[in-house]
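Participant: Predicted model and sequence below, questions to follow.
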Amino acid sequence: QVQLVESGGGLVQPGGSLRLSCAASGSILGIIAMGWYRQTPGKQRELVAVYNWGGGTNYADSVEGRFSISRDNAKNMVYLQMNSLKPEDTDVYYCNARIYTTSAASSDYWGQGTQVTVSL
């Protein structure tokens, strides 16, 4: 089994910054990618940013230039630095990890979610 533990959400004013962290632990043979998604109740979960362990990052257009994803390979962690936050960034943010569970199979895992609220 694999567990993802998130931290770093909270309340921030527009224009402010927050940093989310996600740590993966458990039966990890190798990581394919880790990233962040967000979801508003009643809407589909959407990609925010992903770090591909083989190299490369991807961002949603709405956060490009404001958010930055990074990783600590040794600790199986991924971070999301969120700057210039806007009220429309308010959401529950979920960490996702795609992990090799055997030499030939992988699975997706999700964290429990952390609330980010951008408001005066």
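Facilitator: Arrived safely. Model, not experiment: these values are computed from the prediction.

Participant: For this protein, which residue occupies the most central location?
Facilitator: Trp36 (2.3 Å; Cα atoms, centre = their mean).

Participant: And it, how far from Glu88?
Facilitator: Note on Trp36: its distance to Glu88, by Cβ to Cβ, to the nearest Å, is 16 Å. For glycine as for every other residue, the C-beta is placed from the backbone atoms N, C-alpha and C.

Participant: what does Arg66 give?
Facilitator: From Arg66 across to Glu88, the span is 11 Å (Cβ to Cβ).

Participant: And these two? Which one has more around it.
Facilitator: Neighbour tally, Arg66 and Glu88, criterion other Cβ atoms under 10 Å: the higher count belongs to Arg66, 15 against 10.

Participant: which residues does that one contact?
Facilitator: Arg66 sits next to Met82, Asn83, Ser84, Leu85 when contact means Cβ atoms under 8 Å, 6 or more residues apart in numbering.

Participant: Quick one: mark the members of these that sit in strands.
Facilitator: Taking DSSP state E, the ones among these that sit in strands are Met82.

Participant: Weed out the non-buried ones from the contacts of Arg66.
Facilitator: Met82, Leu85 (16 or more other Cβ atoms under 10 Å).

Participant: can I get the contacts of Arg66 in a markdown table with pLDDT and distance to Ile32?
Facilitator: As requested, the contacts of Arg66 are exported to a markdown table (pLDDT from 0 to 100; distance: Cβ to Cβ, whole Å):
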| residue | pLDDT | distance to Ile32 |
| --- | --- | --- |
| Met82 | 98 | 24 |
| Asn83 | 98 | 27 |
| Ser84 | 98 | 30 |
| Leu85 | 98 | 29 |
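
Participant: out of the contacts of Arg66, what pair is the most spread apart?
Facilitator: Using Cβ to Cβ, the two most remote members of the contacts of Arg66 are Met82 and Ser84, lying 8.2 Å apart.

Participant: ok, residues contacting stretch 68-78?
Facilitator: The contact list for stretch 68-78 (Cβ under 8 Å, 6+ apart) reads 21-25, 28, 31, 34-36, 49-51, 53, 57, 59, 79-81, 83, 95, 97.
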